[in-house]
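S.K.: Fold the following, please.
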Amino acid sequence: MNRAPGLDLLRAVAILWVMLFHAQLAGLVSDGNPVATYGWMGVDLFFALSGYLIGGQLFRPLAQGRAIDPGRFYVRRVLRTFPAYLAVVALYFAVPGFRENPAIQPLWQFLTFTENLFIDFYGGKAFSHVWSLCVEEQFYLLAPIAVWWLARRPKAWKAVTLCAAILLLGVALRSYLWLHDLAPIQGQDDGPGNFYQRYQELIYYPTWTRLDGLLGGVVLAQVATFQPALWSGVMARANLIGAAGLIGLAVSIWIFRDKTGFVATSIGFPVLSFSMAALVASAAGPAGFLGRYAVPGAGALAAMAYSLYLTHKQIFHLVHLLAAGRLDAHPAFALAVYTLAALCGGALLYWGVERPFLRLRERLPRTSHATGIESSSANMIARCSPRV
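M.R.: The predicted structure follows:
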């Protein structure tokens, strides 16, 4: 199956950007580095990609005149995400020295993908970055139900209303939480219940405050699947839309200068989400600059992105222990060593655990197609990433 090089490029950029952000938190990159400082936005790029690709998988049967098959969807998701994740969770709890932080949430939260909902972030926690995987797993669980409901009596207004409600309720909920829970403790920077801790727990991690990130990608998938003429127009203007996405990203960075401020908290996330969605749209086809050429190495990084996401913070920690300060005098060389080690760790997990189960998933029986011609937009989504 062909891959979309533009989406591979965005996935590679997203994982490298997130790794750079965590390298800054680990002291490997200076605090003044602007690229690393906003590397957390790579997660929102992942969300936009997931919303587009997973939304396409769910919408495609409807475009072909078939009902969705939730059972097959869930089995594919389990084979895609569970094996590598559970292998890393096992290491965290069987080998405490593997942890980048001594403290960790209870095992049951990781096994139920609810770590993002119940985390006590005071002092930081090991494997806390799995919050974004929890958001996606909860999305995988609920999305087929939402699509099934919309497909019972399909009306365009129902989909538009649901998307608008998710967007507006997200803005309203974050605004309320900031004004009601965060504003009274502004300036409280230390001790349990400090401002930053509560921001992470109430705003940044919970699924219900971060659905904006997935929403932009889902809207793209709806357009690509059910509005082929409009999608063709989007593809024809890929460079213009990509430029709009970059401008939106610049605006998002400006808004998030005060990341935990009220304006950023209330409206910053939807601006960022739809900016990332614009970049995904620009990269989805070959008409634009992002999707026209295969960048060397991007495909390999994209393939390993999930394994890298799961392991890079722990590998940084292990290298720090082994180096014992010997790399501190050479920051550029140290960053290269840490990055190479993280790539090796991610490759080991990918080839040893993730890839074998992806091959098993590829052997699942395919559902029969309805008669008729499948839309070219649905074909496009199908080709984007067979590993999603």
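S.K.: now Ala329, what's its secondary structure?
M.R.: Secondary structure assignment for Ala329 (DSSP: H, G, I helix; E, B strand; the rest coil): coil.
S.K.: Neighbours of it, how many?
M.R.: Around Ala329 there are 8 other residues, counting by other Cβ atoms under 10 Å. C-betas here are computed from N, CA, C, even on glycine.
S.K.: if I look at it, how far off is Leu20?
M.R.: 21 Å (Cβ to Cβ, to the nearest Å).
S.K.: and stretch 315-328, which residues are buried?
M.R.: 315-320, 327 (16 or more other Cβ atoms under 10 Å).
S.K.: Closest one to Gly123 out of those residues, please.
M.R.: His317 (15.8 Å; Cβ to Cβ).
S.K.: Who are the contact partners of the closest one?
M.R.: 26, 98-100 (Cβ atoms under 8 Å, 6 or more residues apart in numbering).
S.K.: What separation do you get for it and Asn101?
M.R.: For His317, the distance to Asn101 - Cβ to Cβ - is 8 Å.
S.K.: try Leu162
M.R.: Distance of Leu162 to Asn101, computed by Cβ to Cβ: 38 Å.
S.K.: residue contacts, Phe47?
M.R.: 132, 135-136, 210, 213-214, 216-217, 273, 276.
S.K.: Now, these that are in helices?
M.R.: Among the contacts of Phe47, DSSP state H puts 132, 135-136, 213-214, 216-217, 273, 276 in helices.
S.K.: Most neighbours among these, which one?
M.R.: Met276 leads the ones in helices among the contacts of Phe47 on contacts (other Cβ under 10 Å) with 31 neighbours.
S.K.: For that residue, which non-adjacent residue is closest in space?
M.R.: Among residues not flanking Met276 along the chain, Ala48 sits closest, at 3.8 Å (Cβ to Cβ, 6 or more residues apart in numbering).
S.K.: who's in contact with that neighbour?
M.R.: Contact partners of Ala48, counting by Cβ under 8 Å, 6+ apart, are 213-214, 216-217, 220, 273, 276-277, 279-280.
S.K.: Need the max-distance pair from those residues.
M.R.: Leu214 and Leu279 (15.0 Å).
S.K.: Which residue ranges of the stretch 51-200 of the chain form strands?
M.R.: Remark: no strands are assigned in the stretch 51-200 of the chain by DSSP state E, counting those that start in this stretch.
S.K.: Show me the shaky parts of it.
M.R.: Low-confidence segments of the stretch 51-200 of the chain, defined by pLDDT under 70: none present.
S.K.: show me where it has helices.
M.R.: 70-94, 107-111, 115-118, 131-152, 156-177, 195-199 (DSSP state H, counting those that start in this stretch).
S.K.: Within the helices and strands, which one has the most centrally placed residue in the chain?
M.R.: Nearest to the geometric centre of the chain sits Phe46, at 2.9 Å (Cα atoms, centre = their mean). Counting by DSSP states H and E, the element that carries Phe46 is helix 41-63.
S.K.: If we go by neighbour counts, what in the strand or helix carrying Leu9 is buried?
M.R.: Assigned by DSSP H and E, Leu9 belongs to helix 5-25. Buried residues in helix 5-25, defined by neighbour count with 16+ other Cβ under 10 Å: 5-25.
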